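Student: sequence? don't have it. structure:
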């Protein structure tokens, strides 16, 4: 029998660690949490100083029995749960559930943390055992009890006030507020037109380059949306003004007035934290935060590289941007060998976290062995695992590379004495870290790097083309997963490790929709936020929520007492909850009277969404749809009910329009408006059904077996009855994206077969207004519209 029992959270990690520890160690998994607060009233005894009443979950009972059996006769119990607050709390819960005294000698209890699953790191961790951190456990308990008190007391009030609502939460509701407020900004936005004067110029050697009107009589001309509100910029407001300027400038002589050349340095981004990994994987790979963390978990826990199981990256829940000296030395060696000495900076780079409430006890996310290049893992990892590992490897290596050097050139050109044009270009002289990796952005930059001809002051130039271009201001962009994670972290709201679950909850509750990686608030989500802002404004306030995170961090550092923190929160919160129960939450009043009783009409929310109703209810029952007049007459379809033969009628439910039998309630048959369409392709899973084209409740087309629910095989991409030439899977799929064009690929994750059918479209050059000649008679000008953000 083993002398030491090691308990980790994941069974995959258990196998890897047991191999490295060798004889005398038996490693088992707890499968995450073993105890939690049940979702029922009384799980926290508020009157007894917030005593939590934890229970062992049903799924954990069997594993706990196995752990108790393995514990018999063991000399040492090693608690090696994950190296974060939650992992610390799980270690404490394990002792409580197993009935083991941490201060006892039978067995002796030690706590170790593995920041990476490699033989060296595990040996080092085992050589530095410690006790369970009471401060971290208290902070995690306070966080869990706080979330329970908010959710369990606020959610029932929400259910009674807003039909269809399911939950409210401390971080979840603030994230929803951000999404809803951004949508309100977009809806309130009014586009503004402005014009710029664009020129194509040539030197005496007929080398052409682009320039833009920069100033008139020394006053700068607005060239972007941000300039429009500044009084120091002159705005070309319409086409007529642009055409007048073109006519005035065209005959003027051109001369270079100034040439400025400067060297710019660009530094690499810091290594990944949990937050920045989620953001960059969303931008560059299109992964959701949840998928990113799931893939990272697998890379951390261990993969069979051909030489046995080994963890490929360090722990993926961290706020730290620091690297160990060993990792830095290894990175510098790899850079020297692969790219050359000129790419190795004179001194190692040191980074400091900019995130609020950063917990920097661990390293940044990095490969456990930087010499393990992604190309060596082609046959070991599946496609998505390899893409994420490559992203982490490139970011880590780039973070320790030399600066990129760029030559920036600015040329000012005078047209006569009144008009100044400017042309800017940027040339990469030394790529440095850019040879490996460039950080993605949430919005496209308008700045375009280009090569300019070698020009000298007072050199004469000529116009090749001179046109006015129209621009329209754009509303602020909706949040993507990447930008929402970024803003939550900047505000200090929640923890990066919980963001994936928070965003997933918003989608599952139907508060928001995630369409093409962009969040759109749903009517239900908007109404939930309207209620919370009206009745619980303090608890969805950004600063209030961030301050709570500060208090929780103080507890984890031993600078605060967790029960005092809960008392300060609970007393006023409970009073507000009780007070709101008596408040009548009404709709938004409209500037309109009821046509039947002349009472006020309001926009209200019901189970099927928004509608207009009379405030005189229940005496007056006048209602009508939000987008039209009241229509009590059923709209019948030409289609007959397949069960009773009566005509079907159009109806609208929470997920849109559908067909229902007009003989209801005698016949309760209903069906989707758009019926599933057979593709004539046999189901590759059950071999009995066939693939049908269907529409989800959110309106998205998908493909699934007609034997559902017996067979649950489904695809999002259009299937083709062509077997994969690489793995012989019975079908392939066709997928179209802006980045990759149209590709045909194998739907099996373990197969990387993919061929391009249609190359991605290149962005068409902007249309410009035709250049005006100077004939005796002026032709009518054509308006050319060019939209820019």
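Tutor: That came through fine. As the structure is a prediction and not an experimental result, all values here were calculated from the model.
Student: for the stretch 251-400 of the chain, give me the ranges with low pLDDT.
Tutor: For the stretch 251-400 of the chain, the stretches with pLDDT under 70 are 354-361.
Student: show me where it has its strands.
Tutor: Assigned by DSSP state E, counting those that start in this stretch, the strands in the stretch 251-400 of the chain fall at 254-266, 303-304, 309-310.
Student: now for those strands, which one comes closest to residue 320?
Tutor: strand 309-310 (22.2 Å; CB to CB). C-beta here means a position set from N, CA and C on the backbone, and glycine is covered the same way.
Student: show me the contact partners of that closest one.
Tutor: 15, 16, 19, 117, 118, 302, 303, 368 (CB atoms under 8 Å, 6 or more residues apart in numbering).
Student: repeat the analysis, applying 6 Å as the threshold.
Tutor: Under the criterion CB atoms under 6 Å, 6 or more residues apart in numbering, residues 15, 16, 302 lie in contact with strand 309-310.
Student: any idea which of the residues you listed has the most stuff around it?
Tutor: Counting neighbours by other CB atoms under 10 Å, residue 16 leads the contacts of strand 309-310 with 26 neighbours.
Student: I'd like the distance between that one and residue 362.
Tutor: Per CB to CB, to the nearest Å, residue 16 is found 19 Å from residue 362.
Student: sorry, back to before: can I get the strands of the stretch 251-400 of the chain in CSV with mean neighbour count?
Tutor: Putting the strands of the stretch 251-400 of the chain into CSV (neighbours: other CB atoms under 10 Å) gives the following:
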stretch, mean neighbour count
strand 254-266, 14
strand 303-304, 17
strand 309-310, 19
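Student: looking at those strands, spot the one closest to residue 644.
Tutor: Using CB to CB, the nearest of the strands of the stretch 251-400 of the chain to residue 644 is strand 303-304, at 58.1 Å.
Student: partners of that closest one, with directions?
Tutor: Next to strand 303-304 in the sheet, as set by DSSP bridges, lie strand 309-310 (antiparallel).
Student: so what's the residue nearest the centre of the chain up against?
Tutor: What sits nearest the mean C-alpha location of the chain, by CA atoms, centre = their mean, is residue 481, with 1.5 Å. By CB under 6 Å, 6+ apart, residue 481 lies in contact with 282, 288, 289.
Student: how about residue 287?
Tutor: Contact analysis of residue 287 by CB under 6 Å, 6+ apart lists residue 281.
Student: next one: residue 293
Tutor: So residue 293 contacts residue 500 (CB under 6 Å, 6+ apart).
Student: hang on, the earlier thing: switch the strands of the stretch 251-400 of the chain over to CSV; also include distance to residue 608.
Tutor: Below are the strands of the stretch 251-400 of the chain laid out as CSV (distance: least, CB to CB, whole Å):
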stretch, distance to residue 608
strand 254-266, 54
strand 303-304, 49
strand 309-310, 53
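Student: closest to residue 164 out of these?
Tutor: Here strand 303-304 is closest among the strands of the stretch 251-400 of the chain (CB to CB), at 43.1 Å.
Student: contacts for that closest one next, please.
Tutor: Against strand 303-304 from outside (CB under 6 Å, 6+ apart): residue 312.
Student: and stretch 95-115, by the same measure?
Tutor: The contact list for stretch 95-115, computed with CB under 6 Å, 6+ apart, reads 34-35, 56, 64, 74-80, 83, 91, 122, 125-126, 129-130, 132, 314-315, 362.
Student: buried residues, stretch 127-147. List them.
Tutor: Neighbour-count burial for stretch 127-147, counted by 16 or more other CB atoms under 10 Å, picks out 129, 132-133, 135-147.
Student: who's in contact with it?
Tutor: Stretch 127-147 is contacted by residues 44, 50, 52, 85, 88-89, 91-92, 110-112, 170, 552, 555-556, 558, 562, 565 when judged by CB under 6 Å, 6+ apart.
Student: what's the spacing between that stretch and its chain's center?
Tutor: Centroid separation for stretch 127-147 versus its chain: 28 Å, with CA atoms, centre = their mean, to the nearest Å.
Student: for the residue nearest to the centre of the chain, give its distance to residue 286.
Tutor: Going from residue 481 to residue 286 by CB to CB gives 10 Å.
Student: about what we covered before: ok, the nearest residue to the residue nearest to the centre of the chain once chain neighbours are set aside - how many residues close by?
Tutor: Leaving out its chain neighbours, the residue that sits closest to residue 481 by CB to CB, 6 or more residues apart in numbering is residue 282, at 4.7 Å. Neighbourhood size, residue 282 [other CB under 10 Å]: 24.
Student: you'd agree residue 282 is up against residue 483?
Tutor: No. Look at residue 282 against residue 483 with CB atoms under 6 Å: they stay out of range, at 8.8 Å.
Student: who is residue 105 paired with across the strands?
Tutor: residue 108.
Student: neighbours of it, how many?
Tutor: Neighbours of residue 105 using other CB under 10 Å come to 9.
Student: ok, residue 548 to residue 508 distance?
Tutor: Distance from residue 548 to residue 508, by CB to CB: 24 Å.
Student: and if you look at residue 265?
Tutor: The gap separating residue 265 from residue 508 is 46 Å, by CB to CB.
Student: try residue 96
Tutor: 31 Å.
Student: okay, now the unreliable bits of this structure?
Tutor: 1-2, 354-361, 441-450, 627-635, 638, 652-657, 673-675, 697-699, 761-789.
Student: how about a cut-off of 50?
Tutor: Along the chain, the parts satisfying pLDDT under 50 run over 1, 357-358, 360, 444-449, 629-632, 766-767, 769, 777-789.
Student: which helix runs longest in it?
Tutor: helix 134-161 (DSSP state H).
Student: please identify the buried residues of stretch 224-241?
Tutor: For stretch 224-241, by 16+ other CB under 10 Å, it's 225, 233, 235, 236, 239.
Student: got the residue ranges for the strands in the stretch 401-550 of the chain?
Tutor: Using DSSP E, counting those that start in this stretch, strands in the stretch 401-550 of the chain cover 404-415, 419-430, 460-472, 512-515, 518-521.
Student: could the ones you listed go into a markdown table alongside distance to residue 661?
Tutor: Converted to a markdown table, these look like this (distance: least, CB to CB, whole Å):
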| stretch | distance to residue 661 |
| --- | --- |
| strand 404-415 | 68 |
| strand 419-430 | 67 |
| strand 460-472 | 49 |
| strand 512-515 | 30 |
| strand 518-521 | 33 |
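Student: between those strands, which one is nearest to residue 658?
Tutor: Minimum separation from residue 658 across these (CB to CB) falls at strand 512-515, 18.6 Å.
Student: how much space between residue 711 and residue 721?
Tutor: 18 Å.
Student: more crowded one of the two?
Tutor: Between residue 711 and residue 721, counted using other CB under 10 Å, residue 711 has the larger neighbour count: 16 against 12.
Student: who's in contact with residue 338?
Tutor: For residue 338, counting by CB under 6 Å, 6+ apart, there are no contacting residues.
Student: and it, how close does it get to residue 329?
Tutor: Taken as CB to CB, the span from residue 338 to residue 329 is 15 Å.
Student: again with residue 61
Tutor: 47 Å.
Student: disregarding flanking residues, what is the spatial nearest neighbour of residue 715?
Tutor: In space, residue 715 is closest to residue 703, 4.6 Å off (CB to CB, 6+ apart).
Student: quick check: buried residues in the helix or strand hosting the one you found?
Tutor: Under the criterion of DSSP states H and E, residue 703 resides in strand 701-705. By neighbour count on 16+ other CB under 10 Å, the buried set for strand 701-705 is 703, 704, 705.
Student: what does it rub up against?
Tutor: 683, 689, 691, 693-696, 711, 713-716, 719.
Student: what of stretch 383-393?
Tutor: 285, 295, 299, 313, 367, 374, 752.
Student: go on, stretch 339-351?
Tutor: Stretch 339-351 has contacts (CB under 6 Å, 6+ apart) with 270, 321, 328, 332, 335, 336, 400, 401, 402.
Student: hmm, which two among those residues are most spread apart?
Tutor: Using CB to CB, the two most remote members of the contacts of stretch 339-351 are 321 and 336, lying 22.7 Å apart.
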